[in-house]
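Novice: I'll drop the sequence and a predicted model, then ask my questions.
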2 protein chains.
Amino acid sequence: MLKGVLKTIEKYNMLNKGDRIVAAVSGGPDSMALLHILYTLKDKYNLYIHGAHLNHMLRGEEADQDCEYVKEFCRKRSIPLSIGFEDVELMAKKQGISLEEAGRVARYKLFDDVAKEIKASKIALAHNMNDQAETVFMRIMRGTGLDGLGGIKPVRDGIFIRPLLFTLREDIEKYCREHDINPRTDSTNLEPLYLRNKLRLQLIPYIRENYSSNIESLISSMAELLREDSEFLEEHVKNIYNEICTQNEGKVSINIDSLKEQHSSVKKRIIRKAIENVKGNLNAIESKHIELLLSIIHNGMTGAAVELPGGIKGIISYKLLNIIKYTGETNIKFRYEINIPGLTRIDETGDIMEAQTEEYKLSLHNEKDYLKYFDYDKIKENLVLRTREEGDFITPAGMKGTKKLKEFFIDQKIPRDIRDRIPVVAWGKEIIWVVGYRVSENYKITKKTENVLRLEFKQCRGR
Amino acid sequence: MLKGVLKTIEKYNMLNKGDRIVAAVSGGPDSMALLHILYTLKDKYNLYIHGAHLNHMLRGEEADQDCEYVKEFCRKRSIPLSIGFEDVELMAKKQGISLEEAGRVARYKLFDDVAKEIKASKIALAHNMNDQAETVFMRIMRGTGLDGLGGIKPVRDGIFIRPLLFTLREDIEKYCREHDINPRTDSTNLEPLYLRNKLRLQLIPYIRENYSSNIESLISSMAELLREDSEFLEEHVKNIYNEICTQNEGKVSINIDSLKEQHSSVKKRIIRKAIENVKGNLNAIESKHIELLLSIIHNGMTGAAVELPGGIKGIISYKLLNIIKYTGETNIKFRYEINIPGLTRIDETGDIMEAQTEEYKLSLHNEKDYLKYFDYDKIKENLVLRTREEGDFITPAGMKGTKKLKEFFIDQKIPRDIRDRIPVVAWGKEIIWVVGYRVSENYKITKKTENVLRLEFKQCRGR
């Protein structure tokens, strides 16, 4: 087995001379064999090896015995060992995550802490070929794409290494017997409690018996091929992304014409990447969301917008698809000259102001909260659609005398946190329309009105 | 359901107005529903629909009843129908293939024949979402890569269309009940005889019950995503292939420097494509063969060669990796000037002639079948390494007088079919060495020899 592991180490360039390694040790066969192998390679690679063991405090005395076993193993070989304690059950409850996930988070935190402490260059993990097959199956059964099918990586971020990833569990157990290693067995592993254990104890043995006796190795080879394809695609997409996307804080703009030239596989990956860069992650983003964005690109109508989970919007603005973060907590300032007649789009929110001019007829006068008529002849210069500014004032319809806009907001009991997001139509500092709330007395239609300006504010669909 | 099928038809542009369609009808729920749906869309798309039914002659009376049922269904709706008969069991025995495979071949042949006869533009097949999930699982359990995971294509070669590929079997059965279609059930489908039926009746229901209730739809979405990735990669690789490979009959040469610049995912695909183009298919070509070729590229030694299944060789020649078809049945003619001193490589076979010149010492004289010494001073011009030509003659060592090479071969009882493949070292028409058999009397080393030419013939490893 050692030979195979060495081949893996060399193929993926896992060890360099003089590496300082944190070895994750649970006390089970995999991690004990890995520690033993690293210890065997100590001189060949001039390694400094440091164990890290987490007591999950889940199985009482049993967990303590695992801990003692690891301690004794390391003491005999003078391998320094760091032991962490975490009440994983409590942690899971507090954070509302599964026991499995909590254990994972706690372990990786320990490895990370120890690595920092000892200035480690590598963290060695004991995942084997069976883990790989289980991971890939699990992802298939939860829904996945190419990246997910690549499974567990032999090397992650140049730091996490998995020398046993191409070794079967049974070969590891044989290695333990041959080298008088008597690993501990986690009793929870033997119960089909979690999906992974169920897979390990039921589905995969069933497949091995009825379909493919070497299913783990088939899945492992498949994952390796797919990982390469996925890495290539990622690199390729990264280059195109950098060419056709521009990134500002909270916003990525994608050139629609260039995007359209791409293969749909690449198109989708670019859009996902843009969302990830704006949102910080891809949680809750599904295929249907990407399809929606592709459909508005296809239609290509300026102002068309799609709302995505996590306060993300996709908005078409002429030649650009803008992916924008739009949350109530963020103050987005904007300022646009209103096109009269025409559409004025607020890139930041996806909302649109439509302006039309008409001759005055009495029948027109059918106003709504977001549809107002003004005396066009009284408006001499270009109007601006923007968020509020210092010094803004208004003569609210039905009242006499001007008011500071701030005071108007206070009178109207408009909560402070949304004042900054209300669009206003302004002429200099004079507010003509607080959109959705009030127009100015000064520009209302009268009997003398000849020409009318019709302004309709259209909110981004889905908001 | 019709709505969903229409969406599929539109998304993949499966139907054009005026299409002439062969509809494959077995008599089972899927194909009957598909025929019914096409019939429903007849006017909308101005379709001409023609049924094609194969009697596999496997289930005696039952098969005849299926046939009658399909006939009656078509007669009622005035849909023309072609019926084929094939003794699939006999066919499988004769060709040494499985019953399943024989059935498939016979069916597709019928569809093809009918399509030609009626000048069809499309052949409609009734594969559904469950078939898709089964296919993908089957491939996973036999070992596959990205292309295999793409599963069944909604449209193949612009001709085969599968409008039901995104519909679940249960919805198809419901459609049949709702439209008073009483399809026939293939009794062999109910027995877990073949891998596919075993999957359908055991594994997938087990997964549905224990892991993912919508496993078919998850696999179908996964396959769709992967199909796009695979198509993109194929396109991308095709472009690079055309740039860095040159293709002659029975040979593809790949520029090694350009190949090395590619991502390993692309490298492997280019090599596979080259092999496919030389060999006609990729049967028996495994990952390990591609790895072997990559390893000789990595070492980059001219003359390094790898033998692949199906009479294919990969040979390094300076800056090229040549993929060559090399079979005993093919007569490969070649002709190279021998580099003295130096290596002369036969691209066609991967064999190498190594030439050295030395001062004469008695101790040198240690000849073998493929290692000979000659009097260099008697050799005035460049020697040629080649296959035999009309008019060749030799003065065989130990004999007096010249002989036609052809006669020498006859004397030596060398079978006719390998005479054309034996390399000879020649000077004009005079043969100096029939490699592996005899040297010429005229150039042997004598006591007067001052300078020696050492020729060693090295066969391509693995041959």
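Specialist: Arrived safely, thanks for sending. Numbers count the residues shown, from 1 in each chain, chains lettered A, B, ... in the order given.
Novice: which SSE is immediately downstream of the longest helix along chain A?
Specialist: In chain A, ranked by residue count with DSSP state H as the criterion, the top helix is helix A:215-244. Moving toward the C-terminus from helix A:215-244, the next helix or strand (DSSP states H and E) is strand A:245-248.
Novice: now do the contacts for the residue nearest the centre of chain A.
Specialist: Closest residue to the average C-alpha location of chain A: residue A:281 at 0.9 Å, with CA atoms, centre = their mean. Residue A:281 makes no contacts at all, as judged by CB atoms under 8 Å, 6 or more residues apart in numbering or on different chains. C-beta: built from backbone N, CA, C; applies to glycine.
Novice: so, low pLDDT: which residues of the stretch 51-200 of chain A?
Specialist: A:186-193 (pLDDT under 70).
Novice: which stretches in it count as strands?
Specialist: A:81-85, A:122-124, A:155-156, A:160-161 (DSSP state E, counting those that start in this stretch).
Novice: the first one pairs with which strands, and in what direction?
Specialist: The strands that strand A:81-85 pairs with in its sheet are strand A:48-55 (parallel) (by DSSP bridges).
Novice: ok, and what's touching the partner strand?
Specialist: Against strand A:48-55 from outside (CB under 8 Å, 6+ apart): A:18-27, A:35, A:38-39, A:42, A:63-64, A:66-67, A:70-71, A:74, A:79-86, A:103, A:106-107, A:110-111, A:114, A:118, A:120.
Novice: and if you look at stretch A:71-88?
Specialist: Here stretch A:71-88 has contacts from A:23, A:25, A:32, A:35, A:39, A:49-58, A:67, A:70, A:99, A:102-103, A:106, A:110, A:113-114, A:117-118, A:181, using CB under 8 Å, 6+ apart.
Novice: can you check stretch A:231-245 too?
Specialist: Residues contacting stretch A:231-245 (CB under 8 Å, 6+ apart): A:146-147, A:150, A:252-255, A:258-259, A:262, A:265-266, A:269-270, A:273-274, B:229, B:232-233, B:236, B:263-266.
Novice: that one - what's its average pLDDT?
Specialist: Average pLDDT, stretch A:231-245: 95.
Novice: quick one: that stretch to chain centroid distance?
Specialist: In this view, stretch A:231-245 has its centroid 18 Å away from the chain centroid, taken as CA atoms, centre = their mean, to the nearest Å.
Novice: for it, buried residues please.
Specialist: Buried residues in stretch A:231-245, counted by 16 or more other CB atoms under 10 Å in any protein chain shown: A:231, A:232, A:233, A:236, A:237, A:240, A:241, A:244, A:245.
Novice: and for stretch A:416-430?
Specialist: A:419, A:421, A:423, A:424, A:425, A:426, A:427, A:430.
Novice: tell me the contacts of the fourth one?
Specialist: Right, residue A:424. Residue A:424 neighbours (CB under 8 Å, 6+ apart): A:385, A:386, A:387, A:388, A:392, A:405, A:431, A:432, A:433, A:434, A:435.
Novice: of those residues - the most surrounded one?
Specialist: Using other CB atoms under 10 Å in any protein chain shown as the neighbour criterion, residue A:431 leads those with 27 neighbours.
Novice: ok, now which ones touch it?
Specialist: Neighbours of residue A:431 in contact, by CB under 8 Å, 6+ apart: A:392, A:393, A:394, A:405, A:424, A:425, A:440.
Novice: ranges for the helices of the stretch 301-450 of chain A?
Specialist: All helices of the stretch 301-450 of chain A, identified by DSSP state H, counting those that start in this stretch, fall at A:405-411, A:416-419.
Novice: which residues are in contact with the longest one?
Specialist: When contacts are defined by CB under 8 Å, 6+ apart, helix A:405-411 is touched by residues A:388, A:392, A:393, A:394, A:396, A:403, A:419, A:424, A:431, A:434, A:438.
Novice: just to revisit the earlier point, which members of the contacts of residue A:424 occur in strands, if any?
Specialist: A:385, A:386, A:431, A:432, A:433, A:434 (DSSP state E).
Novice: partner residues bridging the third one?
Specialist: Okay, so that is residue A:431. Going by DSSP bridges, residue A:431 is paired in beta bridges with residue A:426.
Novice: can you list the strands of the stretch 51-200 of chain A in TSV and add distance to residue B:166 and mean neighbour count?
Specialist: TSV is the format used below for those (distance: least, CB to CB, whole Å; neighbours: other CB atoms under 10 Å in any protein chain shown):
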stretch	distance to residue B:166	mean neighbour count
strand A:81-85	49	16
strand A:122-124	44	24
strand A:155-156	35	14
strand A:160-161	39	24
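Novice: so for residue B:126, which of those strands sits nearest?
Specialist: Across those, residue B:126 has its closest neighbour in strand A:155-156 (44.4 Å, CB to CB).
Novice: what pairs with the closest one, and is each one parallel or antiparallel?
Specialist: Strand A:155-156 has these strand partners (DSSP bridges): strand A:160-161 (antiparallel).
Novice: starting at the chain centroid, how far to the partner strand?
Specialist: Averaging C-alpha positions (CA atoms, centre = their mean) puts strand A:160-161 23 Å from its chain's average.
Novice: next: stretch A:382-394.
Specialist: From the chain centre to the centre of stretch A:382-394 is a distance of 36 Å (CA atoms, centre = their mean).
Novice: now that stretch: average pLDDT?
Specialist: Across stretch A:382-394, the average pLDDT comes to 91.
Novice: sorry, back to before: separate out the buried members of the contacts of strand A:48-55.
Specialist: The neighbour count (16+ other CB under 10 Å) marks A:19, A:21-27, A:35, A:38-39, A:63, A:66-67, A:70-71, A:74, A:79, A:81-84, A:86, A:103, A:106-107, A:110-111, A:114, A:118, A:120 as buried among those.
Novice: skipping adjacent residues, who's closest to residue A:110 in space?
Specialist: Nearest non-adjacent residue to residue A:110, counting by CB to CB, 6 or more residues apart in numbering or on different chains: residue A:84, 4.0 Å away.
Novice: distance of that neighbour from residue B:225?
Specialist: 39 Å (CB to CB, to the nearest Å).
Novice: now do residue A:18
Specialist: From residue A:18 over to residue B:225 the distance is 43 Å, taken as CB to CB.
Novice: circling back to that earlier point, figure out which of the strands of the stretch 51-200 of chain A is closest to residue A:133.
Specialist: Each of the strands of the stretch 51-200 of chain A has some distance to residue A:133 by CB to CB; the shortest is strand A:155-156, at 18.5 Å.
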